[in-house]
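The following block contains a protein sequence and its predicted model.
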2 protein chains.
Amino acid sequence: MLLPEGVIIDGTTGAVTPETRHYTKRLSELRGLFQDDHAFAEAMDRGDAVVYEVAEYRKENSDIFFGTTTMYPGKVGKEYYFTRGHFHQRRDMGEVYYAQSGAGILLLESRDGRAEAVEMRPGVCAFIPPDWAHRTVNVGDDKFVFVWVCNPQAGHDYADIQRKGMRLAVIEQGGRPAVVDNSKYLSS
Amino acid sequence: MLLPEGVIIDGTTGAVTPETRHYTKRLSELRGLFQDDHAFAEAMDRGDAVVYEVAEYRKENSDIFFGTTTMYPGKVGKEYYFTRGHFHQRRDMGEVYYAQSGAGILLLESRDGRAEAVEMRPGVCAFIPPDWAHRTVNVGDDKFVFVWVCNPQAGHDYADIQRKGMRLAVIEQGGRPAVVDNSKYLSS
(Lines give C-alpha, C1' and ligand atoms only; values in the text may rest on other atoms or scores of the structure.)
Protein backbone atom coordinates (compact mmCIF):
# COMPACT_ATOMS: atom_id res chain seq x y z
CA MET A 1 0.00 0.00 0.00
CA LEU A 2 1.26 3.44 -0.97
CA LEU A 3 1.87 5.49 2.19
CA PRO A 4 2.18 9.21 2.72
CA GLU A 5 5.53 10.55 3.84
CA GLY A 6 7.13 13.80 4.93
CA VAL A 7 10.22 14.18 2.77
CA ILE A 8 12.80 16.70 3.93
CA ILE A 9 14.23 19.01 1.30
CA ASP A 10 17.32 21.10 1.98
CA GLY A 11 16.98 24.07 -0.32
CA THR A 12 20.66 24.98 0.01
CA THR A 13 22.30 21.60 -0.61
CA GLY A 14 19.50 20.00 -2.61
CA ALA A 15 19.45 16.97 -0.31
CA VAL A 16 16.20 14.96 -0.41
CA THR A 17 15.61 12.69 2.61
CA PRO A 18 14.66 9.99 1.93
CA GLU A 19 15.47 9.82 -1.76
CA THR A 20 14.65 6.94 -4.08
CA ARG A 21 17.22 7.74 -6.80
CA HIS A 22 20.21 10.00 -7.19
CA TYR A 23 22.28 10.67 -10.27
CA THR A 24 25.08 12.95 -11.30
CA LYS A 25 25.79 14.57 -14.66
CA ARG A 26 29.35 15.37 -15.57
CA LEU A 27 30.76 17.69 -18.19
CA SER A 28 31.61 14.81 -20.54
CA GLU A 29 27.89 13.99 -20.79
CA LEU A 30 27.25 17.48 -22.17
CA ARG A 31 29.82 17.20 -24.97
CA GLY A 32 28.84 19.07 -28.12
CA LEU A 33 26.24 21.24 -26.42
CA PHE A 34 28.35 24.23 -25.42
CA GLN A 35 29.12 26.85 -28.03
CA ASP A 36 32.90 26.89 -27.68
CA ASP A 37 34.44 23.48 -28.48
CA HIS A 38 37.94 24.69 -27.70
CA ALA A 39 36.88 25.94 -24.25
CA PHE A 40 35.09 22.61 -23.69
CA ALA A 41 38.31 20.67 -24.41
CA GLU A 42 40.20 22.96 -22.03
CA ALA A 43 37.57 22.45 -19.31
CA MET A 44 37.78 18.68 -19.75
CA ASP A 45 41.58 18.87 -19.43
CA ARG A 46 41.02 20.23 -15.93
CA GLY A 47 38.86 17.18 -15.09
CA ASP A 48 35.40 15.84 -15.82
CA ALA A 49 33.57 18.13 -13.39
CA VAL A 50 30.16 17.44 -11.93
CA VAL A 51 27.74 19.92 -13.51
CA TYR A 52 24.58 18.89 -11.70
CA GLU A 53 22.97 16.29 -9.48
CA VAL A 54 19.39 15.10 -9.36
CA ALA A 55 17.71 13.62 -6.28
CA GLU A 56 14.32 12.00 -6.76
CA TYR A 57 11.48 10.89 -4.54
CA ARG A 58 9.35 8.56 -6.63
CA LYS A 59 6.78 5.94 -5.67
CA GLU A 60 5.18 3.45 -8.01
CA ASN A 61 1.52 3.94 -8.89
CA SER A 62 1.50 7.65 -8.23
CA ASP A 63 0.73 10.26 -10.87
CA ILE A 64 3.08 12.75 -9.25
CA PHE A 65 6.69 12.74 -8.10
CA PHE A 66 9.24 15.32 -7.13
CA GLY A 67 12.86 15.97 -6.43
CA THR A 68 15.64 18.50 -6.62
CA THR A 69 18.23 19.49 -9.17
CA THR A 70 21.43 20.94 -7.73
CA MET A 71 23.59 22.75 -10.25
CA TYR A 72 27.21 23.58 -9.56
CA PRO A 73 28.62 26.96 -10.54
CA GLY A 74 30.96 27.02 -13.50
CA LYS A 75 31.45 28.00 -17.13
CA VAL A 76 32.75 26.55 -20.35
CA GLY A 77 34.53 29.57 -21.77
CA LYS A 78 31.98 32.34 -21.34
CA GLU A 79 28.97 30.00 -21.27
CA TYR A 80 27.47 29.09 -17.91
CA TYR A 81 26.92 25.46 -16.91
CA PHE A 82 23.53 24.13 -17.96
CA THR A 83 21.46 20.96 -17.81
CA ARG A 84 21.21 18.75 -20.84
CA GLY A 85 17.76 20.01 -21.78
CA HIS A 86 14.80 17.98 -22.91
CA PHE A 87 11.23 17.76 -24.06
CA HIS A 88 8.96 15.33 -22.28
CA GLN A 89 8.13 12.13 -24.12
CA ARG A 90 4.52 12.75 -23.13
CA ARG A 91 3.58 15.89 -25.00
CA ASP A 92 0.59 16.49 -22.75
CA MET A 93 2.65 16.76 -19.57
CA GLY A 94 4.19 19.90 -18.14
CA GLU A 95 6.28 20.52 -15.04
CA VAL A 96 6.83 22.94 -12.18
CA TYR A 97 10.29 24.21 -11.16
CA TYR A 98 10.52 26.02 -7.83
CA ALA A 99 13.80 27.89 -7.22
CA GLN A 100 15.24 27.44 -3.71
CA SER A 101 18.70 28.99 -3.58
CA GLY A 102 21.32 30.47 -5.88
CA ALA A 103 20.70 32.16 -9.20
CA GLY A 104 19.47 30.48 -12.35
CA ILE A 105 17.90 31.06 -15.71
CA LEU A 106 15.37 28.66 -17.19
CA LEU A 107 15.48 28.43 -20.98
CA LEU A 108 12.37 27.13 -22.71
CA GLU A 109 11.44 26.39 -26.26
CA SER A 110 8.24 25.30 -27.94
CA ARG A 111 8.05 22.77 -30.79
CA ASP A 112 7.51 25.59 -33.26
CA GLY A 113 10.64 27.36 -32.13
CA ARG A 114 9.35 30.01 -29.74
CA ALA A 115 12.00 30.66 -27.09
CA GLU A 116 11.60 32.08 -23.59
CA ALA A 117 13.89 32.72 -20.64
CA VAL A 118 12.70 32.88 -17.01
CA GLU A 119 14.86 34.32 -14.24
CA MET A 120 15.00 31.80 -11.38
CA ARG A 121 15.72 33.52 -8.12
CA PRO A 122 14.58 31.92 -4.84
CA GLY A 123 10.80 32.02 -4.59
CA VAL A 124 10.20 31.88 -8.33
CA CYS A 125 7.97 28.95 -9.24
CA ALA A 126 8.18 28.40 -12.98
CA PHE A 127 5.29 26.98 -14.94
CA ILE A 128 6.59 24.79 -17.79
CA PRO A 129 3.66 24.10 -20.12
CA PRO A 130 3.32 20.72 -21.81
CA ASP A 131 5.54 20.30 -24.88
CA TRP A 132 8.06 23.02 -24.07
CA ALA A 133 11.69 21.92 -23.90
CA HIS A 134 13.48 23.15 -20.79
CA ARG A 135 17.06 23.66 -19.70
CA THR A 136 18.33 25.37 -16.57
CA VAL A 137 21.48 27.44 -16.31
CA ASN A 138 23.40 28.29 -13.14
CA VAL A 139 24.39 31.95 -13.51
CA GLY A 140 25.61 32.46 -9.94
CA ASP A 141 28.75 31.79 -7.92
CA ASP A 142 27.03 29.24 -5.65
CA LYS A 143 24.95 26.15 -6.15
CA PHE A 144 21.62 26.74 -7.85
CA VAL A 145 18.96 24.46 -6.34
CA PHE A 146 15.39 23.97 -7.47
CA VAL A 147 12.54 21.61 -6.67
CA TRP A 148 10.70 20.05 -9.60
CA VAL A 149 7.33 18.31 -9.64
CA CYS A 150 5.78 16.40 -12.53
CA ASN A 151 4.12 13.19 -13.60
CA PRO A 152 6.57 10.25 -13.59
CA GLN A 153 5.10 9.19 -16.93
CA ALA A 154 6.33 12.44 -18.54
CA GLY A 155 9.67 10.92 -19.53
CA HIS A 156 12.71 12.56 -21.12
CA ASP A 157 13.17 13.12 -24.82
CA TYR A 158 16.76 14.34 -25.11
CA ALA A 159 17.31 13.61 -28.80
CA ASP A 160 15.91 16.80 -30.30
CA ILE A 161 17.90 19.15 -28.09
CA GLN A 162 21.02 17.00 -28.39
CA ARG A 163 20.87 17.35 -32.18
CA LYS A 164 19.69 20.95 -32.62
CA GLY A 165 20.69 22.62 -29.39
CA MET A 166 18.45 25.30 -27.95
CA ARG A 167 17.85 28.67 -29.59
CA LEU A 168 19.07 30.62 -26.59
CA ALA A 169 22.32 30.46 -24.64
CA VAL A 170 23.48 32.25 -21.49
CA ILE A 171 26.96 33.73 -21.50
CA GLU A 172 28.93 36.07 -19.30
CA GLN A 173 29.14 39.58 -20.74
CA GLY A 174 30.83 42.30 -18.71
CA GLY A 175 30.70 40.12 -15.60
CA ARG A 176 26.95 39.48 -15.85
CA PRO A 177 24.81 36.80 -17.44
CA ALA A 178 23.28 37.66 -20.80
CA VAL A 179 20.73 35.64 -22.74
CA VAL A 180 21.86 35.52 -26.37
CA ASP A 181 21.14 33.53 -29.52
CA ASN A 182 22.92 30.18 -29.50
CA SER A 183 25.46 30.30 -32.34
CA LYS A 184 25.32 26.49 -32.58
CA TYR A 185 21.56 26.21 -32.91
CA LEU A 186 20.35 24.24 -35.94
CA SER A 187 16.99 25.55 -37.09
CA SER A 188 15.95 22.24 -38.65
CA MET B 1 -0.68 29.23 -26.95
CA LEU B 2 0.27 28.20 -23.44
CA LEU B 3 3.34 30.16 -22.34
CA PRO B 4 5.86 29.51 -19.59
CA GLU B 5 5.93 31.94 -16.71
CA GLY B 6 7.95 32.68 -13.60
CA VAL B 7 5.42 32.92 -10.79
CA ILE B 8 6.61 34.53 -7.56
CA ILE B 9 5.69 32.77 -4.34
CA ASP B 10 6.06 34.48 -0.99
CA GLY B 11 6.55 31.66 1.48
CA THR B 12 5.71 33.89 4.45
CA THR B 13 2.51 35.55 3.24
CA GLY B 14 1.44 32.89 0.74
CA ALA B 15 1.10 35.49 -2.02
CA VAL B 16 1.22 34.07 -5.55
CA THR B 17 2.05 36.61 -8.28
CA PRO B 18 0.35 36.38 -10.69
CA GLU B 19 -2.52 34.31 -9.38
CA THR B 20 -5.45 33.06 -11.44
CA ARG B 21 -7.87 32.43 -8.55
CA HIS B 22 -8.05 33.28 -4.87
CA TYR B 23 -10.55 32.13 -2.29
CA THR B 24 -11.06 32.37 1.41
CA LYS B 25 -12.54 29.86 3.84
CA ARG B 26 -14.21 31.16 6.95
CA LEU B 27 -15.11 29.41 10.15
CA SER B 28 -18.79 29.16 9.21
CA GLU B 29 -17.84 26.96 6.25
CA LEU B 30 -16.31 24.44 8.68
CA ARG B 31 -19.43 24.12 10.80
CA GLY B 32 -19.90 20.65 12.28
CA LEU B 33 -16.31 19.55 11.73
CA PHE B 34 -14.76 20.64 15.02
CA GLN B 35 -15.16 18.39 18.04
CA ASP B 36 -16.58 20.96 20.44
CA ASP B 37 -19.87 22.43 19.19
CA HIS B 38 -20.16 24.77 22.15
CA ALA B 39 -16.69 26.17 21.54
CA PHE B 40 -17.58 26.54 17.85
CA ALA B 41 -20.64 28.63 18.72
CA GLU B 42 -18.53 30.79 21.02
CA ALA B 43 -15.91 31.26 18.31
CA MET B 44 -18.63 32.29 15.84
CA ASP B 45 -19.95 34.80 18.38
CA ARG B 46 -16.58 36.53 18.14
CA GLY B 47 -16.98 36.77 14.35
CA ASP B 48 -16.75 34.56 11.31
CA ALA B 49 -12.95 34.43 11.17
CA VAL B 50 -10.92 33.60 8.10
CA VAL B 51 -9.37 30.18 8.67
CA TYR B 52 -7.42 29.86 5.43
CA GLU B 53 -6.87 31.31 1.99
CA VAL B 54 -5.95 29.57 -1.22
CA ALA B 55 -4.12 31.22 -4.12
CA GLU B 56 -3.95 29.29 -7.38
CA TYR B 57 -1.94 29.49 -10.57
CA ARG B 58 -3.79 27.44 -13.14
CA LYS B 59 -3.66 27.39 -16.92
CA GLU B 60 -6.02 25.52 -19.19
CA ASN B 61 -4.70 22.47 -21.03
CA SER B 62 -1.98 21.76 -18.54
CA ASP B 63 -1.75 18.54 -16.52
CA ILE B 64 -0.18 20.35 -13.59
CA PHE B 65 -1.03 23.39 -11.52
CA PHE B 66 0.09 24.84 -8.23
CA GLY B 67 -0.63 27.37 -5.57
CA THR B 68 -0.42 28.13 -1.89
CA THR B 69 -2.62 27.57 1.11
CA THR B 70 -2.18 30.10 3.90
CA MET B 71 -3.66 29.04 7.21
CA TYR B 72 -4.30 31.50 10.01
CA PRO B 73 -3.46 30.59 13.60
CA GLY B 74 -6.38 29.88 15.88
CA LYS B 75 -8.35 27.28 17.77
CA VAL B 76 -11.95 26.24 18.35
CA GLY B 77 -11.79 25.34 22.00
CA LYS B 78 -8.67 23.18 22.24
CA GLU B 79 -8.74 22.14 18.58
CA TYR B 80 -6.45 23.92 16.14
CA TYR B 81 -7.80 25.45 12.94
CA PHE B 82 -7.81 23.03 10.02
CA THR B 83 -8.76 22.89 6.36
CA ARG B 84 -11.99 21.27 5.33
CA GLY B 85 -10.33 18.05 4.21
CA HIS B 86 -11.03 16.07 1.07
CA PHE B 87 -10.35 13.12 -1.13
CA HIS B 88 -9.69 13.80 -4.79
CA GLN B 89 -12.50 12.99 -7.20
CA ARG B 90 -9.90 11.27 -9.34
CA ARG B 91 -8.78 8.32 -7.25
CA ASP B 92 -5.62 7.91 -9.32
CA MET B 93 -4.27 11.37 -8.55
CA GLY B 94 -2.08 12.33 -5.62
CA GLU B 95 -0.60 15.64 -4.53
CA VAL B 96 2.53 17.26 -3.14
CA TYR B 97 2.48 19.72 -0.20
CA TYR B 98 5.67 21.67 0.45
CA ALA B 99 5.78 23.53 3.79
CA GLN B 100 7.17 27.07 3.55
CA SER B 101 6.70 28.79 6.91
CA GLY B 102 4.96 28.29 10.22
CA ALA B 103 4.12 24.98 11.83
CA GLY B 104 1.54 22.51 10.58
CA ILE B 105 0.39 18.94 10.78
CA LEU B 106 -0.94 17.10 7.75
CA LEU B 107 -3.62 14.51 8.56
CA LEU B 108 -4.17 11.77 6.03
CA GLU B 109 -6.55 8.89 5.73
CA SER B 110 -6.91 6.05 3.26
CA ARG B 111 -10.25 4.70 2.01
CA ASP B 112 -9.91 1.68 4.28
CA GLY B 113 -9.42 3.87 7.32
CA ARG B 114 -5.68 3.92 7.82
CA ALA B 115 -4.69 7.26 9.35
CA GLU B 116 -1.36 9.07 9.28
CA ALA B 117 -0.04 12.40 10.52
CA VAL B 118 2.95 14.21 9.00
CA GLU B 119 4.69 17.08 10.77
CA MET B 120 4.94 20.03 8.40
CA ARG B 121 7.83 22.26 9.32
CA PRO B 122 9.48 24.39 6.62
CA GLY B 123 11.38 22.21 4.17
CA VAL B 124 9.09 19.22 4.57
CA CYS B 125 7.67 18.14 1.23
CA ALA B 126 4.79 15.76 1.87
CA PHE B 127 3.90 13.03 -0.58
CA ILE B 128 0.13 12.49 -0.63
CA PRO B 129 -0.55 9.23 -2.46
CA PRO B 130 -3.60 8.90 -4.72
CA ASP B 131 -6.84 8.21 -2.82
CA TRP B 132 -5.73 9.44 0.58
CA ALA B 133 -7.87 12.17 2.12
CA HIS B 134 -5.86 15.11 3.41
CA ARG B 135 -6.42 17.94 5.87
CA THR B 136 -3.87 20.42 7.17
CA VAL B 137 -3.79 21.88 10.66
CA ASN B 138 -2.03 25.07 11.77
CA VAL B 139 -0.47 24.25 15.13
CA GLY B 140 1.65 27.39 15.44
CA ASP B 141 1.19 31.01 16.49
CA ASP B 142 1.85 32.38 13.02
CA LYS B 143 0.53 31.73 9.55
CA PHE B 144 1.23 28.27 8.22
CA VAL B 145 1.97 28.44 4.49
CA PHE B 146 2.51 25.58 2.08
CA VAL B 147 2.82 25.16 -1.67
CA TRP B 148 0.75 22.43 -3.30
CA VAL B 149 1.12 20.89 -6.74
CA CYS B 150 -1.26 18.48 -8.43
CA ASN B 151 -3.21 17.71 -11.56
CA PRO B 152 -6.09 20.19 -12.08
CA GLN B 153 -8.30 17.23 -12.99
CA ALA B 154 -7.88 15.78 -9.47
CA GLY B 155 -10.93 17.63 -8.15
CA HIS B 156 -12.28 17.83 -4.60
CA ASP B 157 -14.55 15.28 -3.02
CA TYR B 158 -15.56 16.87 0.28
CA ALA B 159 -18.65 14.80 1.01
CA ASP B 160 -17.07 11.84 2.73
CA ILE B 161 -15.03 13.89 5.20
CA GLN B 162 -17.92 16.29 5.76
CA ARG B 163 -20.11 13.37 6.81
CA LYS B 164 -17.68 11.18 8.74
CA GLY B 165 -14.96 13.58 9.83
CA MET B 166 -11.39 12.35 9.94
CA ARG B 167 -10.12 9.72 12.36
CA LEU B 168 -7.49 12.01 13.83
CA ALA B 169 -7.74 15.46 15.38
CA VAL B 170 -5.10 17.86 16.66
CA ILE B 171 -5.71 19.52 19.99
CA GLU B 172 -3.70 21.56 22.44
CA GLN B 173 -2.55 19.53 25.44
CA GLY B 174 -0.27 21.16 27.99
CA GLY B 175 0.47 24.01 25.61
CA ARG B 176 1.55 21.72 22.77
CA PRO B 177 -0.20 20.12 19.82
CA ALA B 178 -1.20 16.49 20.27
CA VAL B 179 -2.60 14.17 17.60
CA VAL B 180 -5.55 12.30 19.12
CA ASP B 181 -8.51 10.26 17.99
CA ASN B 182 -11.35 12.43 16.73
CA SER B 183 -14.23 11.94 19.15
CA LYS B 184 -16.69 12.92 16.40
CA TYR B 185 -15.43 10.42 13.83
CA LEU B 186 -18.09 8.15 12.33
CA SER B 187 -16.58 4.83 11.38
CA SER B 188 -19.18 4.14 8.70
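Arrived safely, thanks for sending.

what's the span of stretch A:72-89, first residue to last?
27 Å (Cα to Cα, to the nearest Å).

Just give me how far it sits from the chain centre.
In terms of Cα atoms, centre = their mean, to the nearest Å, the centre of stretch A:72-89 is found 7 Å from the chain centre.

Would you mark the buried spots in that stretch?
Going by neighbour count (16 or more other Cβ atoms under 10 Å in any protein chain shown), the buried part of stretch A:72-89 is A:72-73, A:75-83, A:85-88. Using the backbone N, CA and C atoms, a C-beta is placed for each residue, glycine as well.

How about stretch A:108-123?
Buried residues in stretch A:108-123, counting neighbours by 16+ other Cβ under 10 Å, are found at A:L108, A:E109, A:S110, A:A115, A:E116, A:A117, A:V118, A:M120, A:P122, A:G123.

can you check stretch A:142-150 too?
Buried residues in stretch A:142-150, counted by 16+ other Cβ under 10 Å: A:K143, A:F144, A:V145, A:F146, A:V147, A:W148, A:V149, A:C150.

From those residues, pick out the ones that also neighbour chain B.
Filtering the buried residues of stretch A:142-150 for neighbours of chain B using Cβ under 8 Å from any Cβ of the partner chain leaves A:V147, A:V149, A:C150.

Closest one of these to A:M93?
A:C150 (6.4 Å; Cβ to Cβ).

what's the nearest residue to that closest one once chain neighbours are set aside in contact with, if anything?
With sequence-adjacent residues excluded and distances taken as Cβ to Cβ, 6 or more residues apart in numbering or on different chains, A:C150 is closest to A:E95, at 4.0 Å. The neighbours of A:E95, taking Cβ atoms under 8 Å, 6 or more residues apart in numbering or on different chains as the test, are A:H88, A:I128, A:H134, A:W148, A:V149, A:C150, A:A154, B:I64.

Tell me the bridge partners for A:E95.
Beta bridges link A:E95 to A:I128, judged by DSSP bridges.

and it, what pLDDT?
Looking at A:E95, its pLDDT reads 98.

can you check A:S188 too?
69.

was I right about A:V139 contacting A:Y80?
Yes: at 5.2 Å, A:V139 counts as touching A:Y80 under the criterion of Cβ atoms under 8 Å.

joint contacts of those two?
When contacts are counted by Cβ under 8 Å, 6+ apart, A:V139 and A:Y80 have A:I105, A:V170, A:P177 as shared neighbours.

Now go through these and say which are in strands.
Members of the shared contacts of A:V139 and A:Y80 lying in strands (criterion: DSSP state E): A:I105, A:V170, A:P177.

still on that earlier bit, and the contacts of A:E95 as CSV, adding pLDDT?
Formatted as CSV, these follow (pLDDT from 0 to 100):
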residue, pLDDT
A:H88, 97
A:I128, 98
A:H134, 98
A:W148, 98
A:V149, 98
A:C150, 98
A:A154, 97
B:I64, 98
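
From those residues, pick the one nearest A:L33.
Within the contacts of A:E95, the smallest distance to A:L33 is 14.2 Å, found for A:H134 (Cβ to Cβ).

Quick one: the helices in chain A, in order.
All helices of chain A, identified by DSSP state H, fall at A:37-45, A:159-164.

Of those helices, which is nearest chain B?
Closest of the helices of chain A to chain B is helix A:159-164, at 15.7 Å (criterion: Cβ to the nearest Cβ).

The closest one close to chain B?
No: Helix A:159-164 stays clear of chain B (Cβ under 8 Å from any Cβ), getting no nearer than 15.7 Å.

can you check stretch A:9-25 too?
Yes: applying Cβ under 8 Å from any Cβ, one finds stretch A:9-25 touching chain B at A:I9, A:D10, A:G11.
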